[in-house]
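Trainee: predicted model follows, preceded by the sequence.
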Amino acid sequence: MSLPTGAAPPSPLGYHRVLGPNASIKVSPICLGTMNFGTAWEELMGKCDKATAFAVLDYFYENGGNFIDTASNYQFEETEKWIGEWMQQRGNRDEMVVATKFSSGYQFHKPGYSIQSNYGGNNKKSMTLSLAASLEKLQTHYVDIFYVHYWEGTASIPELMRGLDDLVRCGKVLYLGASDMPAWVVVKCNEYSRQHGLSQFVVYEGRWNAVERDMEREILPMCKAEGMALTIWGSLGGGKFKSAAQRGESGGRHGAMDVGIRSEEIYRKVSAALETIATRRDTVITAVAMQYIRQKVRILSHYVVYCSLCSRHHIYFPSVAAAR
């Protein structure tokens with residue numbers, strides 16, 4: 001007699017994958033970005049009230065999605081509060097894989113004067129304060145992934161990695177991630193951690209799409225060499241990939257990912273090429289934009305997970321460094 005098996009997943013979102021060779025936590029192939037969940041940045045991001053955010057989260061969860069990305073400063077802290085409230089109401093915290101970030105000042109919106117010096121940056125006080133605030137807002141005692149939001153250059157690599165390792169050792173963080181950091185910094189951080197028995201970065205988050213291709217030069221080879229998973233933001237160009245008809249319409253995200261005149265023209269040209277393919281394939285321009293990324297990684301002989309129209313998708317690199 002065989003052991004009972006679970007029900008089939010409701011959609012491809014439910015076919016979870018190992019995050020990466022150095023992080024065996026299982027995640028949905030789509031990571032749901034939540035930067036627009038809130039009303040504080042409505043002028044930049046467009047309207048997304050709590051009812052809409054909860055509806056998106058419910059749909060994502062009901063179809064098998066479990067991977068959520070947020071940050072301490074999103075929507076002046078509103079985003080994390082809403083996610084925490086949603087998980088508390090649904091009683092599903094332990095089913096979810098929650099990634100958040102520190103580095104950005106997250107207290108600037110509060111009225112009145114207060115000293116803000118250590119509410120941002122990569123120093124130990126900043127990461128400690130930011131994580132404590134995130135845990136309270138998310139209504140949890142741990143986060144699955146804790147990203148350095150960006151490299152600001154003032155904290156030393158030993159201070160950064162020892163501080164992050166302390167958070168892992170005390171059980172408040174499970175895995176460490178690097179977001180938009182230079183490849184050479186990530187490599188030095190991981191090498192320092194290997195030499196001193198500390199937790200390493202196991203996932204990298206960066207912008208990559210048919211126009212913004214900087215990651216192909218150094219970040220992708222670094223992820224392969226370091227055995228790091230990769231999550232992508234901006235794969236749809238921050239809303240810049242539009243058909244000719246869509247460009248004639250108003251609404252949608254406006255201002256959050258503004259680009260210069262030259263870049264705007266490049267996005268128009270690339271959008272036209274994507275639209276040509278979409279028309280020929282009887283699909284939408286955003287599907288072609290994401291398939292571009294999937295195919296690029298396949299050409300590079302990396303493993304690509306399923307992608308759809310959510311704002312981030314997860315890619316995992318088999319590693320030559322996994323056995324280190």
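Mentor: Okay, I see it. Residues are numbered from 1 along each chain as shown.
Trainee: where does this structure dip in pLDDT?
Mentor: Scanning the chain for pLDDT under 70 picks out 1, 250-262, 298-324.
Trainee: can you map out the strands along it?
Mentor: Under the criterion DSSP state E, the chain contains strands at 17-20, 23-27, 30-33, 67-69, 97-102, 143-148, 173-179, 201-207, 229-233, 303-304, 312-316.
Trainee: Ala133: which of the ones you listed is closest?
Mentor: Proximity to Ala133 (C-beta to C-beta) singles out strand 97-102 among the strands of the chain, at 9.1 Å. In this view, the C-beta of every residue, glycine as well, is placed from N, C-alpha and C.
Trainee: so what touches the closest one?
Mentor: The contact list for strand 97-102, computed with C-beta atoms under 8 Å, 6 or more residues apart in numbering, reads 19, 25-27, 31, 66-72, 80, 83, 87, 122, 126-127, 130-131, 134, 138, 140, 143-149, 177, 179, 231.
Trainee: please repeat the previous calculation with a cut-off of 7 Å.
Mentor: 25, 27, 66-72, 80, 126-127, 130-131, 134, 138, 143-147, 149, 177, 179 (C-beta atoms under 7 Å, 6 or more residues apart in numbering).
Trainee: now the buried members of those residues.
Mentor: 25, 27, 66-72, 80, 126-127, 130-131, 134, 138, 143-147, 149, 177, 179 (16 or more other C-beta atoms under 10 Å).
Trainee: phi and psi next, for the spatially closest residue to Gly237 that is not a sequence neighbour.
Mentor: Nearest non-adjacent residue to Gly237, counting by C-beta to C-beta, 6 or more residues apart in numbering: Asn209, 5.2 Å away. Here is the backbone geometry of Asn209 (degrees, to the nearest 10): phi -160, psi -170.
Trainee: what sits against Asn209?
Mentor: Residues counted as contacts of Asn209 (C-beta under 7 Å, 6+ apart) are 234-237, 289, 293.
Trainee: one more: Tyr267?
Mentor: Here Tyr267 is in contact with 211, 237, 240-241, 259 (C-beta under 7 Å, 6+ apart).
Trainee: now the two most distant members of these.
Mentor: Within the contacts of Tyr267, Phe241 and Val259 form the most distant pair, 12.0 Å apart (C-beta to C-beta).
Trainee: the two: who's more crowded?
Mentor: Comparing Phe241 with Val259 by other C-beta atoms under 10 Å, the one with more neighbours is Phe241, at 26 against 15.
Trainee: wait, doesn't that one sit right on Leu274?
Mentor: Yes. Using C-beta atoms under 7 Å, Phe241 is in contact with Leu274, at 6.0 Å.
Trainee: joint contacts of those two?
Mentor: Listed as contacting both Phe241 and Leu274 by C-beta under 7 Å, 6+ apart are 285, 289.
Trainee: now do stretch 105-113: everything it contacts.
Mentor: Applying C-beta under 7 Å, 6+ apart, the external contacts of stretch 105-113 come out as 72-73, 76-77, 114, 116, 119-120, 130, 133.
Trainee: tell me the contacts of the residue nearest to the spatial centre of the chain?
Mentor: By C-alpha atoms, centre = their mean, the chain has its centre lying nearest to Asp69, at 4.9 Å. Neighbour list for Asp69: 31-34, 99, 231, 312 [criterion: C-beta under 7 Å, 6+ apart].
Trainee: which of those sit farthest apart?
Mentor: Farthest pair in the contacts of Asp69, by C-beta to C-beta: Thr34 and Thr231, 13.0 Å.
Trainee: what segments of the stretch 51-200 of the chain are helices?
Mentor: 78-90, 124-138, 157-169, 183-196 (DSSP state H, counting those that start in this stretch).
Trainee: using a markdown table, lay out those helices together with distance to Ser2.
Mentor: Formatted as a markdown table, these follow (distance: least, C-beta to C-beta, whole Å):
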| stretch | distance to Ser2 |
| --- | --- |
| helix 78-90 | 32 |
| helix 124-138 | 39 |
| helix 157-169 | 38 |
| helix 183-196 | 42 |
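Trainee: looking at the ones you listed, spot the one closest to Glu249.
Mentor: When those are compared by C-beta to C-beta, helix 78-90 sits nearest Glu249, at 26.6 Å.
Trainee: what lies in contact with the closest one?
Mentor: Outside of helix 78-90, the residues within contact range by C-beta under 7 Å, 6+ apart are 34, 37-40, 50, 53-54, 57, 68, 70, 72, 74, 93, 96, 100, 134, 137-140.
Trainee: what of stretch 176-185?
Mentor: If you take C-beta under 7 Å, 6+ apart as the criterion, stretch 176-185 is touched by 99, 101, 145-151, 164, 168, 186, 199-206, 218-219, 222.
Trainee: no further queries at this time; thank you.
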